[in-house]
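Asks: what's the 3D shape of this:
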Amino acid sequence: MGKKVKKEVEPPKDVFDPLLIESKSVATVVLMLNSSEEEVLAKACDSLYKFASKGDENKVTLLGLGAVEHLYKLISHEDPIVRRNAIMVFGIMASNNDVKKLLRELDVTNSLISQLAPEEDVVIHEFATLCLAHMAVEYATKVQIFEQGGLEPLIRLLGSPDPDVKKNSVECIYLLVQDFQSRAAVQALNVIPPLLELLQSEYPVIQLLALKTLEVISKDRETRIMLGENKGLDCLLKILETKVHDLHAEALAVLANCLEDVHTLQLIQQTGGLKKLLSFVEVSTVPDIQKNAAKAIAKAAYDTEIRKIFNEEDVEKYLINLLENDNDGVKVAASEAISAMCENSASKRLFGLQGIPQLVQLLSSDNDEVKEAAVTALANLTAGSPSNSSAVAEAEGIEPLVNTLNAQRDGAIAKAAIVLTNLARQEPFRVKIQSCGVMNVLAGLLSSTNSQVQGKAAFAVAVFGCDADARTELRNAGGLGPLLELLRSKNEEVRRNACWAVMVCAGSEVTAVELCKLGALDILEEINLSTGHKSNFSEAALEKLLDNNLSQKYSQMGYLSSSNIITDGFYDCGQIKRGVKFLSLEELSMRELTDCRAIIYVNAKPQEDDSWLTIVIDIFQTEYQCSNAMLNMFLRSVFSLLISVNSLLYVVFYVREGKGKKEVEKSKVTQFTSQVWLPPPDFILLEYIHDASRTILPLTTTRKQVVALAQFVADKMGGPIERTKLHDFSWELHVSEIQFELKCNVVPIGKVKKGTFYHRALLFKVIADRVGIGCTLVRGQYNRAWNEVKLVDDSPQGIDRLLLPPQEYLVDLMFAPGFLIKQGSAEADQYKYI
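Replies: Residues are numbered from 1 along each chain as shown. I've put the predicted structure just below:
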């Protein structure tokens, strides 16, 4: 700034010979500015101009001597020579920041703008515009110049015959249009034609400033339209065709703005300019030009119509070529442009055929920015495109993508997770990705502090968690805990994806139990109580979790639906209070015998593993030195015991109580209990199921089957009880005797011979699930529980029974076993509560 574009010329003849100023006489010259003689004033100003031109120190000296205040009075002097010389000093001194500050305080801009009138001397124009250009660097001065009407004379001076005036004026305009108010104003003042005229200047600095100004104002659509109307696009393309590279980048920047406007882009396309532009970018050896061109394409490609035009001009080919450029910045920009162009289906297909291998190669780049841009492009290319996903796999991209999950940039990690989930929609690729240990990596990513990474990692867990081996891998990698922590996230997407992942992982009973141990149910229940955090995903996750952990579901919810099939290992430990830890059956079995409510368990599965028998034989042969005859007698007793007591736990208790000849090794007992007590088989229940199946399955209607099963259950649980004598039915004592007999709080359902409501309802549900009768299990208060079944009533004559809606009934298992009570009736309420 301040540098002249033309050579120095001889001073005009009306200029006085300058005073010779030594440093010790500067103050005297400044005092001369108070003179009333025009000749003295003119010579003093000229001398100060020469002095200030020698360096910044001299400008500071003049500032300290108060020269600025004196000169300010002279810039409006009636004598043109005095006025001109004073403005020359201002123009040269204004490059100093302290001087600029004082000039702003003096509000000198208004006086300077008044000197831009057409009739003023060209030297005044030169130094007034120079001073304004220096001052326009600061925002406050920009506002002053705009509000004082400085734009119009500055634009007029773009047509000045003096190159320095042109240069200073266009530089000042360039600084002013950084503010949106000035940008809007220059359009109305028709700034485009004079700016385009400056592009023909013989001085590169003027051309450069004109292009920079065009770049700024062409960000507005109206300016782009004006450029097209004034054939400015042709001027810009001609600059690109020249061999002078200094202006190429700026010209390209203006054209880049024009690409964002459909109307202007169509003009460029119709004249063949777009092909010229793309060809220029392709053959250019300047990385910045190629990078900026790709960025311009990326920015413009967010418009549907523009993407279509780009596709018609084969812009994809140019972008693919740029991926192989040696410059990392060019690769990044090209990848970003490809990401944007993917929104066009034709472009997406084309990139799938040609660009994916190059992008996969960039995943191995040492530059993290390149890696992130490439994986982002792949994420967009594979979204909803099985063919492109296949292309990534065929380009051997799976392993680099898994490796990218360990990248330094969170954006790259998140996008890599997206690509992998896109590929995983196809079974072969999902299996291959899992073989690369993706779940181990995802388990670590769940602990990320970046919400984007957390959300995408949780989503990936949901996708890969449908496989049993993947769930096991996640459990072993310690991923379940961090996954549950994400349920508490304040980010909605993270919470939603975490809920989905929990729902998928809870598809296996082992994982569901582990999740419950870690507190998943409490967290999900808390979420579902919050109106702000509750969602369909959180509700589905809770339901799925409980559906694969029916013991806890029944304990907490007090309800099992007809689709909740009770399997071996189920147990009823009663209603659990909120916040109380839910213990496993094994943990409950290890507790000391108490007078608390018995835990009723279900296990009609015979022990498949007979290794327990080997352990028992080893214990009695090595520790008790039993003979074969004694051992055979003992084994017969054991099998008899299994049928009557339903558990080999007696042996364990016998050993633990020290009733044998000597203490058995703890390791053997531990091995024995871990193999047998999970839980012991209930042979009585197994016999019940077999007997019920033989008698119930042959019956022709569901109604008859329900009635028969109800009578069967009641018969095994103490028979019908008169309502008035219910309090005399001493089932509590009976169950306590079983607990004492087993020396354990855990009791198999088959051992209960005098059962109340909740015993009978559980047994009914267990057998009904085995024989295919749909029914619910509902817990009431005061040891009540009941089963609900849906049955179709007998149809009136001439109506198909299948067309009738089923009716809900409660099954009476206590008072009149087999009697079906219509749901909602007074009898139903009486059965539940009275």
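Asks: tell me the contacts of the closest residue to Ser561 other than its chain neighbours?
Replies: The shortest distance from Ser561 to any non-neighbouring residue, by Cβ to Cβ, 6 or more residues apart in numbering, is to Thr776 (5.7 Å). Heads up, the C-betas are built off the backbone N, CA and C, glycines and all. Applying Cβ atoms under 8 Å, 6 or more residues apart in numbering, we find Thr776 in contact with Tyr559, Leu560, Ser561, Ser562, Lys765, Asn787, Glu788, Val789.
Asks: neighbours of the first one, just the number please.
Replies: Each residue near Tyr559 was counted by other Cβ atoms under 10 Å, and the total is 14.
Asks: what are the phi and psi values for Leu810?
Replies: In terms of degrees, to the nearest 10, the main-chain angles of Leu810 are phi -90, psi 140.
Asks: likewise Val778?
Replies: Residue torsions, per degrees, to the nearest 10, at Val778 are phi -120, psi 130.
Asks: how much space between it and Tyr559?
Replies: Distance, Val778 to Tyr559, by Cβ to Cβ, to the nearest Å: 5 Å.
Asks: now swap in Asp572 and tell me
Replies: 13 Å.
Asks: mind checking the end-to-end distance for stretch 210-230?
Replies: With Cα to Cα, to the nearest Å as the measure, stretch 210-230 spans 15 Å from end to end.
Asks: strands of the protein, start to end?
Replies: Applying DSSP state E to the chain gives strands spanning 559-560, 571-572, 599-601, 746-748, 777-779, 785-786, 788-791, 807-811, 820-822.
Asks: nearest to Ala67, out of those?
Replies: Among the strands of the chain, strand 559-560 comes nearest to Ala67, with 93.4 Å by Cβ to Cβ.
Asks: any weak-confidence spans in this structure?
Replies: Within the chain, the ranges that satisfy pLDDT under 70 run 1-24, 243-245, 607-678, 794-803.
Asks: outline the domain layout of it.
Replies: 437-548, 683-833 (the TED database).
Asks: number of residues surrounding Val504?
Replies: With neighbours defined by other Cβ under 10 Å, the count for Val504 comes to 21.
Asks: actually Leu401, not the one I wrote
Replies: Using other Cβ under 10 Å, Leu401 has 25 other residues around it.
Asks: if I look at it, how far off is Met341?
Replies: The value you get for Leu401 to Met341, if Cβ to Cβ is used, is 21 Å.
Asks: again, but for Asn367
Replies: From Asn367 across to Met341, the span is 22 Å (Cβ to Cβ).
Asks: compare these two (neighbour count), which wins?
Replies: More crowded of Asn367 and Met341, by other Cβ under 10 Å: Met341, with 28 against 14.
Asks: is it true that the more buried one touches Lys317?
Replies: No. Using Cβ atoms under 8 Å as the test, Met341 is too far from Lys317 to be in contact (11.5 Å).
Asks: show me the contacts for the most centrally placed residue in the chain.
Replies: Computing the C-alpha centroid of the chain and ranking residues by Cα atoms, centre = their mean puts Gln452 first, at 3.4 Å. Going by Cβ under 8 Å, 6+ apart, Gln452 touches Asp410, Gly411, Ala414.
Asks: next one: Ala424
Replies: Arg430, Ile433, Ala460, Val463, Phe464.
Asks: just the domains of the chain: most buried one?
Replies: Mean neighbour count (mean count of other Cβ atoms under 10 Å) peaks for domain 437-548 among these, with a mean of 20.
Asks: measure it end to end?
Replies: Domain 437-548: ends 26 Å apart by Cα to Cα.
Asks: ok, now stretch 792-811?
Replies: Start-to-end, stretch 792-811 (Cα to Cα) is 15 Å.
Asks: same question for stretch 178-192.
Replies: Using Cα to Cα, one end of stretch 178-192 lies 16 Å from the other.
Asks: now tell me what touches that stretch from outside.
Replies: Outside of stretch 178-192, the residues within contact range by Cβ under 8 Å, 6+ apart are 139, 142-143, 146, 151-152, 155, 158, 173, 176-177, 213, 216-217, 219-220, 222-223, 226-227, 230, 232.
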